[in-house]
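Engineer: What shape does this take:
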Amino acid sequence: MQKQIKLINRPQGTPTNNDFEIVNLPIGEATEGEVLLRTLYISVDPYLRGRMNDTKSYIPPFKLNEAISSGVVAQVVESKSLLFNKGDVVLGSLPWQEYSVANEKAVRLIDHSIAPASAYLSVLGMTGLTAYFGLLDIGKPKEGETVVVSGAAGAVGSIVGQIAKIKGAHVVGIAGSEEKVKFLIDELGFDAAINYKTQDVAKALSEACPNGIDVYFENVGGEISDAVFPLLNNFARIPVCGAISSYNNEQADVGPRVQGHLIKTSSLMQGFTVGHYSSRFSDGAKDLAIWLKEGKLKYEETITEGFEHTIDAFLDLFQGSNLGKALVKVAEIETETSAVE
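Structural biologist: Now for the predicted structure:
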C-alpha cells in the first residue's frame with residue numbers, strides 16, 4: 001500500500017488542509033510499455049492553485065476526489081519498457097503519491113551525475129526554462145538596460161535576475177524579507193533589491209532605477225506592479241509569468257489600469273506559459289546547464305522532508321516561506337549497492 005493526496009474541495013480563497021485528503025491505495029504493477037516508479041521529489045508550484053478552480057485556463061482543472069499532479073522526479077522500481085532500466089531516475093508530470101505506474105512516453109531519463117536530481121525540478125527544469133524563455137524571448141534584455149523582477153527570490157525570479165546579469169543588465173529584485181533581499185544581492189549578484197513589506201516600493205524603485213525600467217518580469221501582480229508602470233521607458237517589455245498576489249482572491253482583482261502607461265511608452269506586455277516553448281526545451285536546458293557549470297547561475301531550494309508534509313509545503317508558497325524552488329523530498333535515490341526492493 002501507499003499514500004496519495006487528493007483534492008476533495010474547490011478552495012474558496014486561500015486553500016486549507018480541509019481541501020485535501022491523504023488516502024491509502026495499492027501500489028500497482030507495470031504492464032508492457034510501462035514503468036513502476038518510486039517518487040523521490042515532488043514540485044509544489046503556485047500555478048497549481050489555478051488548477052484547483054473549475055474554470056477555463058491554459059491547462060485543465062484538477063478533478064475532485066482524484067490525485068493532484070505536478071512535476072516529479074522518480075526512480076524506476078520495475079520496468080516493462082525497453083527504454084528504461086531498474087534504478088533509472090526519471091522526470092515527468094505524475095500524481096502526488098509515493099509510487100506511480102507510468103507509460104514509457106510520459107517520463108524522460110535524467111542524468112543526476114551532472115546536477116542533483118532535484119535540480120531537474122528547479123534550475124534545469126520547468127522553472128529554469130520559464131525564466132529563460134520568458135526573459136530572453138519576450139523581455140529581450142540588452143546590455144546596460146534596467147531589468148526589474150518581482151517575486152525575485154522565488155524559483156523563477158531568482159533565475160531571471162541572474163540571466164539578466166549574464167546579459168549585462170542592471171537588475172533590481174523585489175522580495176518579501178530582509179533575508180531574501182540579502183540573498184539577492186550577496187549571493188545572486190543583483191544590483192539592488194527591495195523589501196516590499198517594509199519599504200515604499202514606488203520610492204525605492206525610483207531610487208534603484210534612475211534610468212527607468214526597460215524590462216519588468218512579472219510574477220506577482222497587484223500593488224507591486226502598480227508601482228512599476230509609471231517608471232517604464234519607451235519600448236519597455238513586460239513578460240507576464242504569474243500574478244500570485246491574486247490567486248486566492250475571492251473577488252475580481254481591481255486596480256489601476258495599465259493601458260495608458262503602455263500607450264504612452266509603446267511598451268509590450270505579453271503573457272506566456274513555458275509549454276509554448278516545448279519544441280525548444282533542449283536548447284534552453286543546454287544553455288542553463290552551461291551557465292550552471294560555469295558558475296554563472298546559482299540556485300536555492302527549500303526542501304520539505306516527508307510525503308505527509310506535501311500539503312503544508314504547497315500552502316507555505318502563499319506565505320512567501322520559500323527561498324528559491326519549493327520541493328518535497330519523499331525518498332532517497334537507491335544505488336546499486338542498496339537496490340530498490
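Engineer: What ranges does the stretch 1-150 of the chain have for its strands?
Structural biologist: 2-7, 20-25, 34-43, 66-67, 69-79, 89-95, 99-103, 107-109, 146-150 (DSSP state E, counting those that start in this stretch).
Engineer: Revised request: answer the last question for the stretch 201-341 of the chain.
Structural biologist: 213-217, 232-240, 268-271, 301-305, 325-329.
Engineer: closest one to Glu78 among those strands?
Structural biologist: Nearest to Glu78, of all these, is strand 325-329, at 22.1 Å by CB to CB. Any C-beta I mention is one placed from the backbone N, CA and C, and that applies to glycine too.
Engineer: Quickly compare the strands of the stretch 1-150 of the chain and say which is most buried.
Structural biologist: Comparing these by mean neighbour count (mean count of other CB atoms under 10 Å), strand 146-150 comes out on top with a mean of 30.
Engineer: Report the rounded mean pLDDT for whichever helix or strand comes after that one.
Structural biologist: Toward the C-terminus, strand 146-150 is succeeded by helix 155-166 as the next helix or strand (DSSP states H and E). Mean pLDDT, computed over helix 155-166, is 97.
Engineer: Which neighbouring elements make contact with helix 155-166?
Structural biologist: helix 126-133, strand 146-150, strand 170-175, strand 213-217, helix 281-293 (3 or more CB pairs under 8 Å, 6 or more residues apart in numbering; DSSP states H and E).
Engineer: The last one - contacts with which helices or strands?
Structural biologist: Spelled out, that is helix 281-293. Counting contacts by 3+ CB pairs under 8 Å, 6+ apart, helix 281-293 packs against helix 126-133, helix 155-166.
Engineer: What average pLDDT does that helix get?
Structural biologist: So the average pLDDT for helix 281-293 ends up being 94.
Engineer: Closest to the centroid, which residue in this structure?
Structural biologist: Taking CA atoms, centre = their mean, the centroid of the chain lies closest to Thr127, which sits 4.1 Å from it.
Engineer: returning to that earlier point: distance to Arg237 and mean pLDDT for the strands of the stretch 1-150 of the chain - can I get that in CSV?
Structural biologist: Shown next, in CSV, are these (distance: least, CB to CB, whole Å; pLDDT from 0 to 100):
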stretch, distance to Arg237, mean pLDDT
strand 2-7, 36, 98
strand 20-25, 38, 97
strand 34-43, 28, 98
strand 66-67, 38, 96
strand 69-79, 27, 97
strand 89-95, 30, 97
strand 99-103, 38, 97
strand 107-109, 32, 95
strand 146-150, 10, 98
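Engineer: and Asn211, which of these is closest to it?
Structural biologist: Among the strands of the stretch 1-150 of the chain, if distance is taken as CB to CB, the winner is strand 146-150, at 5.7 Å.
Engineer: ok so, going back, ranking the helices and strands packed on helix 155-166 by burial, who's on top?
Structural biologist: Highest mean neighbour count among the helices and strands packed on helix 155-166 (mean count of other CB under 10 Å): strand 146-150, a mean of 30.
Engineer: So Gly324 sits against Gly161, correct?
Structural biologist: No. Taking CB atoms under 8 Å as the definition, Gly324 is not a contact partner of Gly161, at 11.8 Å.
Engineer: got CSV for the helices and strands packed on helix 281-293, with distance to Asp226 too?
Structural biologist: Converted to CSV, the helices and strands packed on helix 281-293 look like this (distance: least, CB to CB, whole Å):
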stretch, distance to Asp226
helix 126-133, 23
helix 155-166, 18
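Engineer: Ser266 is nearest to which of these?
Structural biologist: Across these, closest to Ser266 is helix 155-166 (CB to CB), at 21.3 Å.
Engineer: how about the closest one: buried residues?
Structural biologist: Neighbour-count burial for helix 155-166, counted by 16 or more other CB atoms under 10 Å, picks out Ala155, Val156, Gly157, Ser158, Ile159, Val160, Gly161, Gln162, Ile163, Ala164, Lys165.
Engineer: and the angle from that helix to strand 301-305?
Structural biologist: 160 degrees (axes from the mean of the first three to the mean of the last three CA atoms, to 10 degrees).
Engineer: how far does helix 155-166 sit from the chain's center?
Structural biologist: 12 Å (CA atoms, centre = their mean, to the nearest Å).
Engineer: now do stretch 14-29
Structural biologist: Distance, centroid of stretch 14-29 to centroid of chain: 22 Å (CA atoms, centre = their mean).
Engineer: in the protein, which segments are predicted with low confidence?
Structural biologist: For the chain, applying pLDDT under 70 flags the ranges 336-341.
Engineer: show me the contacts for the nearest residue to Gly157 once chain neighbours are set aside.
Structural biologist: Nearest residue to Gly157 in three dimensions, chain neighbours excluded: Gly151, at 4.3 Å (CB to CB, 6 or more residues apart in numbering). Going by CB atoms under 8 Å, 6 or more residues apart in numbering, Gly151 touches Gly157, Ile174, Ala175, Asn219, Val220, Gly242, Ile244.
Engineer: let's see it at 10 Å
Structural biologist: Listed by CB atoms under 10 Å, 6 or more residues apart in numbering, the contact partners of Gly151 are 46, 157-158, 160, 173-176, 180, 217-221, 224, 241-245, 320.
Engineer: picking that back up, mind checking which of the helices and strands packed on helix 155-166 is nearest Met1?
Structural biologist: helix 126-133 (30.5 Å).
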